[in-house]
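> Structure, please.
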Amino acid sequence: MNWIVTRDEMRAIERSADATGHTYAQMMERAGAAVAEAIVSRAAPIDGKRVCVLVGPGNNGGDGLVAGRILSEQGAQVGFYLVKSRDEPDDNLTAVRERNLLVALAGDDQRGRVLKNLLATADVVIDAVLGTGFVLPLKGEARQLLATAGHELATRAARPLVVAVDCPSGVDADSGGHAPEALQADLTVTLAAVKRGLLAFPAAPLCGKLIVGDIGLDPEMAELKAVRSFVVQARDVAGWLPPRPADSHKGTFGRALIVAGCSNFPGAAALAGLGAYRVGAGLVTLAVPSPVQAGIVPLLPEATWVLLPHDTGVIAADASAVLLREVPGCQAVLLGPGIGHEETTREFLTRLLGKRGRPGIGFHMTEGEADRGGVALPPLVIDADGLRLLAGLEDWPTRLPRPAVLTPHPGEMAMLTGLAKEDIQRDRLAVARTWAERWGHIVVLKGAYTVVASPDGEAYVLPFATAALARGGTGDVLAGAITGLLAQGLTPLQAALASAYLHGRAGELATDAVGAMASVLAGDVADCLPQAIAEVLGAA
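Presented below is the predicted three-dimensional model:
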C-alpha cells in the first residue's frame, strides 16, 4: 500500500533518510526522475516536445529542475521560469545552465512576456513552484506567477499536459485547502507518500490523476513503519481475493445471509444480494418479510430465501427465532439495508443481538449468546437502517461479535457519534480512526475517498471519488459485497477494503458503460463488479 502522511511526518521521514546516508540531493534526483518518467509515459514521444518548468525557490523547484534536465536529455525543448533567484550554489541549476537551456527569472521579465511565450507554446507544463511545505495564504511572487500562468493556460485553444510536482502549487497538503490561483493539474506525481490533503476536498480535484513517485526511501525506516494511514491499491486487493480452484463447489465460497428489505424498500435486499453474488459468494440467502419476496424473486433468481414473520410488511419482533435457526449454516450476516425504523424491527434487532457482552472474535460471542439459545453470531456487517436501529440500543458496541463491519455514510456517522456532519467531513480520516478504536469495530465511512478504519488505529483511504455512486442503492451493493467476501473467508478488514475498492472502481466503470454519470443506477454498479475484479486480478 501507499503511505498517507502529514507535512510534519514527511519532513521527519526526509530528515531521517538524509541522516542515514540517503541525502536530500539523492532524493531530489530520484524525485525529478520519477516526474520525468511519468511525463514520458503520457506524452511520448518526448523528443521535440516543448516543456515549460515553473520553478520555485525550495526543494520542489529543485525537483522541477532535475525533471526538466532529464527531459532535455531525452530530446525535449525545455525552458525554466524561476519565481525568484535560488540560493547559490545550486548544483541542479548549474547543470541546467551547462546544457545551455533557457532560464528566465520573473524579476527580469517585464510584463511577463517570457512566461507568456513559454506557456503559449508548451506541450507540457511542470508546476514545481510550491510543495508540501506550503501553508495558506498564497502571497508574493508565487501568487502572481500562478495567477498569470492560470490565465494564460485558460486562454489556450489546446491545453498542454500540466504536471504538478508533489502537489499542485497553492494547495495545503495537510488540510486540502487551496488558493484561488492554484493550477489545475492533469497529473500529480506526489513523492514517496501521498500527502493527506490531496485526498481531501476542495483540493483533490486539482490533482488530476494522482500517482506516487519513488525517491528511494527504505520502507523499513522507523519513521515509515510508524505511519498508520494508507491508500489501497489494486495489487493489495488482488492478494486478498480467494482462488477459484477447478474442483470447488458452492460450499467452497461460503453462504452469506442478508437480512434486508421491507414493504417500502424491497429492492435493497435484491441489490445487497447481487453485490454478494457478484464478488463470488457461493450461496446467498435473503431473509426478508414474506410480503417482499414475490416482488424481488425475478431480480435475483439465484438466491435462496428465509421468510421472516412481519408486521404490516416490516420485520416482526419474533423474527429473531426464525433467523437464528439459519445462522449456524452461514459464514457472514448482513443486517440492515431497507429494513426500516419501526419499533417492531428495533425489538427484532435487540433480541437477535442479545444483552451486553464481553468482546469476542469471530464466532466467539458474549453473554448475549445465552439469550440466543447458545447460537453464536458469525461475522456481521451492519448497514443503513441497521445502523439507525443500532444507535438506539444501549451499549451496542459490546453486543456485536468483534470486529463487526459498520458502513455509515456521513449522516449515519453523525447519528452514531453525535458529531455534526460538517465536522465529520472536515477530517474524515481522524473521525473514522477515532471511533473505530472507541467502538472496537471496523468503520467504513462512505463518500468520496471512502475511509476504512480498524480498531487497532490503522486507517485506509480508497482512491475513488465519483458522483456515479451518489445514487440510492449503491450502499446496499457495497454492504452485500463486504458480506460476500466475508463469507469466503476474508477477514473483516480485508473484506471491507477489497469491497470498497471494487465498488469504487465499478462506479467508474459503470459511468463508461452507461455513457453518462448522472444515469448510473445501483444495479449498473453491481453489474460492473466483475470487470473491476478482472482488472484487479490483471494488475497482480
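
> could you check the distance from the closest residue in space to I4 that isn't next to it in sequence over to G216?
Nearest non-adjacent residue to I4, counting by Cβ to Cβ, 6 or more residues apart in numbering: S229, 3.9 Å away. C-beta: built from backbone N, CA, C; applies to glycine. Noted for S229: a distance of 21 Å to G216, by Cβ to Cβ, to the nearest Å.

> A467 now?
38 Å.

> if we can go back for a sec, ok, the residue nearest to I4 - how many residues close by?
25 (other Cβ atoms under 10 Å).

> Now it: phi and psi?
phi -130, psi 140 (degrees, to the nearest 10).

> ditto for H178
phi -150, psi 160.

> for the stretch 301-450 of the chain, what spans make up the strands?
304-308, 310-311, 314-315, 332-335, 380-383, 405-407, 442-445 (DSSP state E, counting those that start in this stretch).

> Provide the strand pairings for the second one, with the direction of each partner.
The reference is to strand 310-311. strand 314-315 (antiparallel) (DSSP bridges).

> what sits up against the partner strand?
Outside strand 314-315, the residues that touch it by Cβ atoms under 8 Å, 6 or more residues apart in numbering are V259, C262, S263, P289, L308, P309, I339, G340, E342, T344, T345, F348.

> What subset of these is buried?
For the contacts of strand 314-315, a burial check counting by 16 or more other Cβ atoms under 10 Å picks out V259, C262, P289, L308, P309, I339, G340, E342, T344, T345, F348.

> For the third one, give its distance to G480.
Applying Cβ to Cβ, one obtains 18 Å for the distance of P289 from G480.

> swap in D527?
Taking Cβ to Cβ, one finds D527 at 13 Å from G480.

> List the residues that contact the nearest residue to A404 once chain neighbours are set aside.
The shortest distance from A404 to any non-neighbouring residue, by Cβ to Cβ, 6+ apart, is to L380 (4.3 Å). By Cβ under 8 Å, 6+ apart, the residues touching L380 are A332, V333, L334, L335, L400, P401, A404, V405.

> Please, which helix or strand holds the residue nearest to the first one when sequence neighbours are not counted?
What sits nearest to A332 in space, not counting adjacent residues and going by Cβ to Cβ, 6+ apart, is L486, at 3.6 Å. Using DSSP states H and E, the element containing L486 is helix 474-487.

> Just want the angle from the following helix or strand past that helix to helix 474-487.
Sequence order places helix 492-514 as the next helix or strand after helix 474-487, per DSSP H and E. Relative orientation of helix 492-514 and helix 474-487, computed by axes from the mean of the first three to the mean of the last three Cα atoms, to 10 degrees: 130 degrees.

> Give me the distance between the closest residue in space to P309 that isn't next to it in sequence and A260.
Counting by Cβ to Cβ, 6+ apart, P309 lies nearest to A316, which is 4.2 Å off, once chain neighbours are set aside. Computed with Cβ to Cβ, the distance linking A316 and A260 is 15 Å.

> In terms of packing, which of the two has more residues around it?
For A316 versus A260, neighbours defined as other Cβ under 10 Å are more numerous around A260 (33 against 18).

> how distant is stretch 173-185 from the center of its chain?
Relative to its chain's centre, stretch 173-185 lies at 19 Å (Cα atoms, centre = their mean, to the nearest Å).

> if we can go back for a sec, who are the neighbours in contact with the residue nearest to I4?
For S229, counting by Cβ under 8 Å, 6+ apart, the contacting residues are W3, I4, V5, R196, L429, E458, A459, Y460, V461.

> Let's have these in TSV, adding pLDDT, secondary structure and neighbour count.
As requested, these are arranged in TSV below (pLDDT from 0 to 100; DSSP: H, G, I helix; E, B strand; the rest coil; neighbours: other Cβ atoms under 10 Å):
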residue	pLDDT	secondary structure	neighbour count
W3	97	strand	20
I4	98	strand	22
V5	97	strand	24
R196	96	helix	22
L429	96	helix	20
E458	98	coil	17
A459	98	strand	23
Y460	98	strand	26
V461	98	strand	26
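
> What is the nearest of those to G447?
V461 (10.9 Å; Cβ to Cβ).

> circling back: let's have the contacts of L380 in JSON lines, adding neighbour count, distance to P301 and pLDDT.
Formatted as JSON lines, the contacts of L380 follow (neighbours: other Cβ atoms under 10 Å; distance: Cβ to Cβ, whole Å; pLDDT from 0 to 100):
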{"residue": "A332", "neighbour count": "27", "distance to P301": "22", "pLDDT": "98"}
{"residue": "V333", "neighbour count": "27", "distance to P301": "22", "pLDDT": "98"}
{"residue": "L334", "neighbour count": "36", "distance to P301": "20", "pLDDT": "98"}
{"residue": "L335", "neighbour count": "30", "distance to P301": "24", "pLDDT": "98"}
{"residue": "L400", "neighbour count": "26", "distance to P301": "32", "pLDDT": "94"}
{"residue": "P401", "neighbour count": "25", "distance to P301": "31", "pLDDT": "92"}
{"residue": "A404", "neighbour count": "23", "distance to P301": "30", "pLDDT": "97"}
{"residue": "V405", "neighbour count": "26", "distance to P301": "27", "pLDDT": "98"}
